[in-house]
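K.L.:
Sharing a model that was predicted from the sequence below.
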Amino acid sequence: MSKERRIIPQSERYARWGYAFITPWVIGFLVFTFLPMVFSMYLAFTDYDTINPPKWVGFSNFAKMFTKGEMWHSLWITVKFGILSLPLGLVSGFLLAYLLNMKIPGMKFWRTIFYLPAMISGVVVAMLWRGMFDDQYGMINFILRTAGLRGPQWLLDPKYTLYCFLFLSVWGCGGGMVVYLSGLQSIPTALYEAAEIDGCSKFQQLIHVTVPQMTPIFFFNLIMGLIGMFQYFAEPMVLTKGGPADSTMFYNLYLYKHAFQFRNMGYASALAWFLFMIVLLLTLLTFKSSELWVFYESEVKK
Amino acid sequence: MILLVFFLVIINLFLWGFAISDSVGVMTKRRLARRRTIVAMIIIVVAAMAIIYPVVSMLGGSVSSKQVSRTVPEVKLGDFWNVIRTMTRNLVPIEGKRINIKQDHIDKAVASLSETKNLRLETAPYSVYAMEIEGKELHVAKIGKVGSQWIYLDEDELDDVYLATPASEEQRVKAVKFTWSNYPDALSKGDFGRYVINSIILVVINTIGALLSSTLVAYGFSRFRFKGRNWMFIVLLSTMMLPAQVSLIPSFIIYTKLGWYGTYLPLTVAAYFAASPWNVFLMRQFFMGLPLELDEAAKIDGCGPVGILVKVIVPQSTAVMLTITLSTAVFWWNDYFYSLIYLQDQKLYPVALGLTAFDAKYFNNSALKAAATVMMLVPPILMFFFFQKFFIQGTVISGVKG
């Protein structure tokens, strides 16, 4: 990542200064990340309620996790939500960026509006949307009613609750837009000119020039989205608290409930480690697959 | 369905503007370009309206009067009494007043209804509303709904049952009055003002910590060559991908054992130890781009490493520092998860957590809640509007180059 050319040869004394400057991070990493991780690994094999000392129980937390349906249920909800929301968010965010890139007047204003959902707290998002989902006075059912359809009780019917969050995530698609926008602006115009000379229409340019050039950014947003999926918390916590009938019990919410409401610290640690493994696996898979579809400028074709 | 149609319309518009081949020949290049801009504008405006709608409706709710009265066209006392023509009902219940009613009275009220299809009863305790019926003021409790009509019981005469038909859309709109008073009310009531101050404290402490520690660490990583530097930086980068949950539970236990639970310490201390690898990465990328010649000139002038940092690097890095300040500030202003875990005393709540407490306390005063919500969402939006260059730089550097 970093090229060595910028570093001038330094004396031994300088190396010591280097260590001195990074000490805060080294301490921070050891105290706030590494040791807790080791401790967490240990806790995953114990039964711990924060009052009595941890009791070693071997693999029983993991056994409980894999055999009881609850964890699979919340994992499935999280994954299902991810499968529905990530592509939708990716595509709509990109389309927005593509349109905004067409020298539209009032760019600063539009960008603020589209980026707004990403700037505000999940709690506020939930507050804003709760009214929308009201089955009598809510905007969504109002639209459905005018179209002659009967809207469901969005937040009360377990069949529909997950789709409420889909509304939220489509609404927030502008979050990735800013990155797309700067990616679009960094595509060399020479490529478009060349395509135009070859007789490409704007649409063909979009498919054959813009999209391939944007794949690294799609890739980044996909990875961040995957990780974010397992961090989803404030919105379901405020809107539904995981209910009704556990239909919105996202993985992180499930973990939170076990750790901080039921104080099953051991079980929750096992959950956290399993989550870590899943995220790691997904990230690795995405990285592996990236060779197939991500195009980097520095790569020489053939 | 509607969504599908909506998307189809959008996609068709898109195709109409973009998929048309330039070789059609009928249209000139300029006309085609104009057509594209129009299509883009239409889609953008529609999308922007959809995004802004919840915010605007919240804004509208926050400036409408709390005690809205409206005329209800038809109210019956019991089901066999004369129809009373007009009644004024407050939309918002009397604040903080909820009463319990014996099941007997509820049953009796239900029995007096001529029709019990679509009966939905509320659960105790019941909200109490002030009403005016033919000039007489009554306090009535809302016990449920039958069909589209609300069922009320007189608080003092529990045998009196009132049925009210909801006001029509027009009547409701007419009744809403404009007022700013919800904002001062929200700040003074329910500790929302205190939550704001708490959040500002958290933001300031964390921003200072993030700035100090990430500057030092990034300087160390970008300007010094030492053994293990590269793999340490790789470790730092890989912590970006690490889900916070893995270290969360042990950290919670450690902080609790240290007696820090319920204070700001768990929320702030980590910031002083470069807790956010993003910030370090951002800062380091920026430092790497600064010319080394100035460093060397300062060194010749007799500056030590600290002197170079303070006199040469920092003055050149105001942009990246602003980026980190803004992102840290917005993160802590919005934080819900960490304060939910570590704080117990309501007096210490920052705004996000405070808003949920406020929401529970004033569950029946939507105007007050709307005012509080607006106060929480406006600062980050304003910040983004005025400093978007810096926000974007931050996202882009970590997004594109990472």
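P.N.:
Thanks, I have the structure now.

K.L.:
Up against chain A, what does the stretch 101-250 of chain B have?
P.N.:
Counting by Cβ under 8 Å from any Cβ of the partner chain, the stretch 101-250 of chain B comes close to chain A at B:213, B:216-217, B:219-221, B:223-227, B:229-230, B:232-233, B:235-237, B:239, B:241-250. Bear in mind the C-beta positions are built from the backbone N, C-alpha and C, glycine included.

K.L.:
any idea of the pLDDT on residue 291?
P.N.:
No chain in the question, so chain A it is. If you check A:Glu291, the pLDDT there is 74.

K.L.:
Chain B is the one I meant
P.N.:
For B:Pro291, the predicted pLDDT is 85.

K.L.:
next one: the one 3 residues further on
P.N.:
For B:Leu294, the pLDDT comes out at 85.

K.L.:
which stretches of the chain have low pLDDT?
P.N.:
All of this refers to chain A. A:1-13, A:296-302 (pLDDT under 70).

K.L.:
Correction: the question concerned chain B.
P.N.:
In chain B (pLDDT under 70), the answer is B:1-3, B:13-29, B:65-96, B:114, B:132-136, B:165-177, B:364, B:396-402.

K.L.:
Which residue, other than its chain neighbours, is closest to B:Arg120?
P.N.:
B:Lys145 (4.8 Å; Cβ to Cβ, 6 or more residues apart in numbering or on different chains).

K.L.:
still on that earlier bit, among the residues of the stretch 101-250 of chain B next to chain A, name the ones in helices.
P.N.:
Among these, the members falling in helices (DSSP state H) are B:213, B:216-217, B:219-221, B:223, B:229-230, B:232-233, B:235-237, B:239, B:245-250.

K.L.:
Just the buried ones among those residues, please.
P.N.:
B:213, B:216-217, B:219-221, B:223, B:229, B:232-233, B:235-236, B:239, B:245-250 (16 or more other Cβ atoms under 10 Å in any protein chain shown).

K.L.:
all strands in the chain, in order from the N-terminus.
P.N.:
Because you didn't say which chain, this covers chain A. Secondary structure of chain A, counting by DSSP state E: strands at A:46-47, A:55-56.

K.L.:
should've been chain B
P.N.:
Under DSSP E, chain B gives strands at B:69-72, B:75-77, B:83-84, B:87-90, B:98-99, B:119-121, B:126-133, B:136-146, B:149-154, B:161-164.

K.L.:
Tell me the spacing between the residue of the stretch 51-200 of chain A found nearest chain B and B:Leu340.
P.N.:
Closest contact between the stretch 51-200 of chain A and chain B, by Cβ to the nearest Cβ, is at A:Ser121 (3.5 Å). As judged by Cβ to Cβ, to the nearest Å, A:Ser121 and B:Leu340 stand 12 Å apart.

K.L.:
Same drill for the two, tell me which one is more crowded.
P.N.:
Shown here are A:Ser121 and B:Leu340; by other Cβ atoms under 10 Å in any protein chain shown, A:Ser121 has more neighbours (26 against 18).

K.L.:
Surely the more buried one and A:Met237 touch.
P.N.:
No: counting by Cβ atoms under 8 Å, A:Ser121 does not reach A:Met237; the two are 11.7 Å apart.

K.L.:
That concludes my questions; thank you for your assistance.
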